[in-house]
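Peer 1: sequence first, then the predicted structure, then my questions.
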Amino acid sequence: MDVEIKNTLIGSYNANAELRDKFEIESWKLNELNRFISYFSNIVGLKLLDIGAGSGQHSQYLKSNGFDVLSIDMSPEMIKSCLNRGLMAQVMDVYSLKLEEASFDAIWSMNALLHVPKRRLDIVFNNIKTVLKPGGFFYLGLYGGYDSEGIWEEDPYKPNRFFSFYKNEDIEVKVKEYFDVMNFEVVPMVGMNTDFQSFVLRKR
């Protein structure tokens, strides 16, 4: 990731960590979590990596359902929130996953990789494949539905964040280069100008 983009994201999420820590998991996101969980017949002890964990609500829910969760995020303030929830958590970004090869049974990432510049997505997918066990599941959730990349000038967060959005057919083609697609759903977002792209993927 470009240093400027990365530093802007860290600053933006550090500044909003306290606010995001108060969020409850929205019902549609709970549906996504539960659908992913349904792919596992015996969760207890399975290792899961939450990429872009934010303040840890999703990690905490996945942990409560039996996963052995490691939460990572670029923002030190977000990781403090995760630690305060009793989670295992480290400051780390997906460009340099300092983790053992093939060490996770599952990976969860909702609305985190949309901050990855499009020219860097191949690097990110390769890193994810490296730490995921063969046959392991990867949940990828992104906002999109149209083609766009750059700083969101109307972003309520300051400094304004960088986003990459893909047409539904384009992101499907891209993920198929790296993973088997177990499920792909496009969820219209009421009151928003985007879709939500929901993937359950599996390492070949």
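Peer 2: Perfect, thanks for sending it.
Peer 1: this structure: strands as residue ranges?
Peer 2: Per DSSP state E, the chain carries strands over the ranges 47-51, 68-73, 88-91, 104-110, 132-144, 148-151, 162-165, 180-188, 195-202.
Peer 1: quick one: which of the ones you listed is nearest residue 122?
Peer 2: Each of these was scored for nearness to residue 122 using CB to CB, and the closest is strand 162-165 (12.8 Å). C-beta here means a position set from N, CA and C on the backbone, and glycine is covered the same way.
Peer 1: tell me the mean pLDDT for that closest one?
Peer 2: The predicted model assigns strand 162-165 a mean pLDDT of 97.
Peer 1: from the contact counts, what lies against the helix ranked longest in the chain?
Peer 2: When the chain is scanned for its longest helix (criterion: DSSP state H), the result is helix 3-15. Contact analysis of helix 3-15 by 3 or more CB pairs under 8 Å, 6 or more residues apart in numbering; DSSP states H and E lists helix 76-84, strand 162-165 as its packing neighbours.
Peer 1: quick check, central residue of this structure?
Peer 2: When the chain is reduced to its mean C-alpha position, the closest residue under CA atoms, centre = their mean turns out to be residue 109, at 2.1 Å.
Peer 1: so it touches residue 137, yeah?
Peer 2: No. With contact defined as CB atoms under 8 Å, residue 109 does not reach residue 137; the gap is 11.7 Å.
Peer 1: how far away is the closest residue to residue 121 other than its chain neighbours from residue 160?
Peer 2: Spatial nearest neighbour of residue 121, excluding adjacent residues (CB to CB, 6 or more residues apart in numbering): residue 174 at 6.7 Å. As for residue 174, its distance to residue 160 is 25 Å (criterion: CB to CB, to the nearest Å).
Peer 1: repeat for residue 9
Peer 2: Using CB to CB, residue 9 is found at 10 Å from residue 160.
Peer 1: tell me the pLDDT of residue 1.
Peer 2: pLDDT, the model's per-residue confidence, is 61 for residue 1.
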